[in-house]
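[1] Show me the folded form of this:
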Amino acid sequence: MPRLTPLYSLVLSSILTTAVGAQSVSVRVVDGDGAPLGLTSVVIQPAADTVATIRRMTSAAGTLRQPVAVGAYTLVARRVGFRADSVTIHTDAAAAGAITLRLQRIPPVLAAMVVRETPDCSVTAASATADESLWDEIVKGIEARNLVRQTYRYEQRFHRVVTQDPSMGRTRERTTDSVHVNDPARRDSSTRYRAGGYTSRSGNTTNIRVFDESDLTRSSFTQFHCHGAPWRDGADGSVRIAFAPRQGIRGADDENRVRGVVIIDGVSWLMRSVTYEYVRGGKPVGHGSVQYTPITVDGSVIAMPVKLIGDLKLTGLFGLRSLAASWTIEQSYESFTRSGEPAPL
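    The predicted structure is shown next:
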């Protein structure tokens with residue numbers, strides 16, 4: 001029998017270690033009646049700090065299988081309209097995990113109420129019985145849309161009309177592949193909310209960025225903004241949650257902050273719209289809204305943004321150097337095909 005060289009032995013040892021250390025976790029997510037829940041976000045959080053957190057989306061059958069290293073993990077299933085469920089497991093080389101997570105539906109129990117938001121997002125006593133956790137339904141909706149964009153390939157049509165200052169106007173229509181549009185490596189980092197906010201200056205040029213729903217979950221946004229308690233609109237049964245700039249925060253550029261209201265359905269808890277104002281010196285200098293519509297993907301319903309409209313007007317010292325802009329962005333989605341899995345965070 002031939003002898004192994006030290007280098008070959010080292011390589012073989014590495015391969016065997018990887019094989020022994022490899023493991024898969026099988027997850028099944030169901031509702032309270034045992035029916036499968038497709039398009040549910042599953043977070044696989046390792047106990048070891050050196051291992052990346054993984055976010056995946058279940059199949060139409062409510063299942064997923066994920067390769068992991070041997071170790072301890074916390075699995076968390078999250079879906080709009082349901083209470084999250086979690087379990088802690090430990091994988092080993094002997095057997096793969098087969099885990100069922102059961103999500104209970106959130107009942108529409110909020111009573112009709114009138115809430116007056118104060119500038120710092122505190123609320124009156126009238127909202128004391130409101131369920132504060134409903135803000136998480138907004139967060140879960142944003143998470144789900146981000147996972148759909150990474151997991152599914154689909155056709156996305158855009159129609160954009162932008163007018164600025166007011167000599168420049170542009171209308172643009174295009175149909176594009178979602179893989180190109182939503183690939184995180186290709187997205188322009190300038191479109192993300194930073195501490196600098198919604199306007200930036202380059203010499204004599206002022207650039208304006210449209211408010212995006214993902215801003216609501218970014219740490220650079222929440223550092224300077226807060227949200228109040230939810231309340232139900234008695235007219236249409238929707239649930240509304242206001243957000244606004246925090247008061248007395250040093251380092252905040254006032255013109256780059258917004259205040260508004262997120263509106264979600266009072267039964268399904270899916271997003272309906274976000275209406276907002278750009279504020280400067282505590283006064284509105286622009287307005288906008290994001291409108292959503294329910295779309296069926298692999299048998300599950302998810303709310304996707306279909307129309308963004310807005311305007312903004314900034315005025316310099318003594319009324320000089322004013323800048324005005326308005327925009328309408330309409331988009332649609334077709335032909336969803338599951339194409340891959342999101343990369344670990």
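
[2] ranges for the helices of the stretch 1-150 of the chain?
    Here the stretch 1-150 of the chain has its helices, by DSSP state H, counting those that start in this stretch, at 6-21, 135-151.

[3] And for the stretch 151-300 of the chain?
    178-182, 219-222.

[4] any idea which of the ones you listed scores lowest on pLDDT?
    Mean pLDDT values for the helices of the stretch 151-300 of the chain show the minimum at helix 178-182, a mean of 54.

[5] related to what we said a few turns ago, can you tell me which of the helices of the stretch 1-150 of the chain the model trusts least?
    Looking at the helices of the stretch 1-150 of the chain, the bottom one is helix 6-21 with a mean of 41.

[6] quick one, what contacts the closest residue to Ala77 other than its chain neighbours?
    Among residues not flanking Ala77 along the chain, Leu101 sits closest, at 4.1 Å (Cβ to Cβ, 6 or more residues apart in numbering). For the C-beta atoms, the positions are set from N, CA and C on the backbone; glycine is no exception. By Cβ atoms under 8 Å, 6 or more residues apart in numbering, the contact list for Leu101 reads Val27, Arg28, Val29, Val30, Val42, Leu75, Ala77, Asp85, Ser86, Val87.

[7] could the residues you listed go into a markdown table alongside pLDDT and distance to Arg55?
    Shown next, in a markdown table, are the contacts of Leu101 (pLDDT from 0 to 100; distance: Cβ to Cβ, whole Å):
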| residue | pLDDT | distance to Arg55 |
| --- | --- | --- |
| Val27 | 94 | 12 |
| Arg28 | 95 | 17 |
| Val29 | 97 | 14 |
| Val30 | 96 | 20 |
| Val42 | 96 | 7 |
| Leu75 | 95 | 11 |
| Ala77 | 97 | 11 |
| Asp85 | 96 | 16 |
| Ser86 | 95 | 14 |
| Val87 | 94 | 16 |
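
[8] Now list the buried members of the residues you listed.
    When the contacts of Leu101 are checked for burial by 16 or more other Cβ atoms under 10 Å, the buried set is Val27, Arg28, Val29, Val30, Val42, Leu75, Ala77, Asp85.
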